[in-house]
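K.L.:
the following block contains a protein sequence and its predicted model.
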Amino acid sequence: MPLPTPQPRTQVHTRRVEYRGFQRDDGLWDIEGEMIDTKPHAVEIKGEGEWKAGQPIHHMLIRVTIDDTMVIRDIAASMEAHPHAPCPDAVRPMQGLIGETLGKGWRRTIERHLGGTVGCTHLRELLFNLATAAFQARAGAFAPSPDGRPPMHLGQCHAWAFDGPVVQKVYPMFFNWKPKALAP
């Protein structure tokens, strides 16, 4: 279903974002994110530089290595293109994410470690969606947990509602599932 026809307009910016998932020979998983910002016209940032039409203003890459439980075992980031000299200083603090888990509360974890002026807005944006890319890449991500709980994607989107037709068809054992109340 395409978008409706837009009003007359002129393109002024393009952001390309791509995620790739890899299973490593050692049993870990590498999830890579890449962001490239370009303009269809030349740009000058006073005192910083000039970029030709189509030349990346931002080109940033992240590789997060996780285990089967989605715990970060390593992280690497690179800024191939950036508009300001201090930008690469925001790469090193990303090491603080090692040991954290890609899962519920991921955005809060990113903000806790890299929020404000500690990190880089663009690297944080890449990290936000990296968790869902990791989930898609990891074998077994769609399987119920060994303790009988439903896969973590159930109940997290309209199509995967516990009382919906997709769960009824794909995961009938979790159709209309409710978490057990915790004892006081």
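P.N.:
Received it, and whenever you're ready, just let me know what you need.
K.L.:
where along the protein do the strands fall?
P.N.:
14-23, 29-38, 43-45, 49-51, 58-66, 72-81 (DSSP state E).
K.L.:
pLDDT weak spots in this structure?
P.N.:
139, 181-184 (pLDDT under 70).
K.L.:
domain-wise, how is it divided?
P.N.:
According to automatic domain parsing, the chain comprises the domains 14-137, 144-184.
K.L.:
what residues sit buried inside stretch 102-113?
P.N.:
Leu102, Trp106, Thr109, Ile110, His113 (16 or more other Cβ atoms under 10 Å). For glycine as for every other residue, the C-beta is placed from the backbone atoms N, C-alpha and C.
K.L.:
give the other helices and strands that the longest helix along the chain contacts.
P.N.:
As assigned by DSSP state H, the longest helix anywhere in the chain is helix 121-137. The contact analysis (3 or more Cβ pairs under 8 Å, 6 or more residues apart in numbering; DSSP states H and E) places helix 121-137 against strand 14-23, strand 29-38, strand 58-66, helix 106-114.
K.L.:
output those in CSV, with distance to Trp177 appended to each entry.
P.N.:
Shown next, in CSV, are these (distance: least, Cβ to Cβ, whole Å):
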stretch, distance to Trp177
strand 14-23, 28
strand 29-38, 27
strand 58-66, 26
helix 106-114, 23
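K.L.:
so which of these is nearest Cys87?
P.N.:
strand 58-66 (8.6 Å; Cβ to Cβ).
K.L.:
strand partners of the closest one, parallel vs antiparallel please.
P.N.:
Partners of strand 58-66 in the sheet, by DSSP bridges, are strand 29-38 (antiparallel), strand 72-81 (antiparallel).
K.L.:
got the CA positions of the last one in PDB?
P.N.:
Read that as strand 72-81. In PDB, the C-alpha atoms belonging to strand 72-81 read as follows (Å, rounded to 0.1, in the frame of the first residue of the first chain):
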ATOM      1  CA  ILE A  72      26.600  -7.200  24.800                       C
ATOM      2  CA  ARG A  73      30.100  -8.800  24.800                       C
ATOM      3  CA  ASP A  74      31.800  -6.200  22.700                       C
ATOM      4  CA  ILE A  75      31.000  -3.000  20.800                       C
ATOM      5  CA  ALA A  76      32.900  -1.000  18.200                       C
ATOM      6  CA  ALA A  77      31.900   2.200  16.500                       C
ATOM      7  CA  SER A  78      33.400   4.300  13.700                       C
ATOM      8  CA  MET A  79      32.800   7.800  12.300                       C
ATOM      9  CA  GLU A  80      33.900   7.700   8.600                       C
ATOM     10  CA  ALA A  81      32.400  11.200   8.100                       C
END
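K.L.:
list of residues touching it?
P.N.:
28, 36, 55-67, 87-88, 91, 94-95, 97-102, 120, 123 (Cβ atoms under 8 Å, 6 or more residues apart in numbering).
K.L.:
one step back: now tabulate the domains of the chain in TSV and tack on distance to Gln7.
P.N.:
Output for the domains of the chain, formatted as TSV (distance: least, Cβ to Cβ, whole Å):
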stretch	distance to Gln7
domain 14-137	18
domain 144-184	29
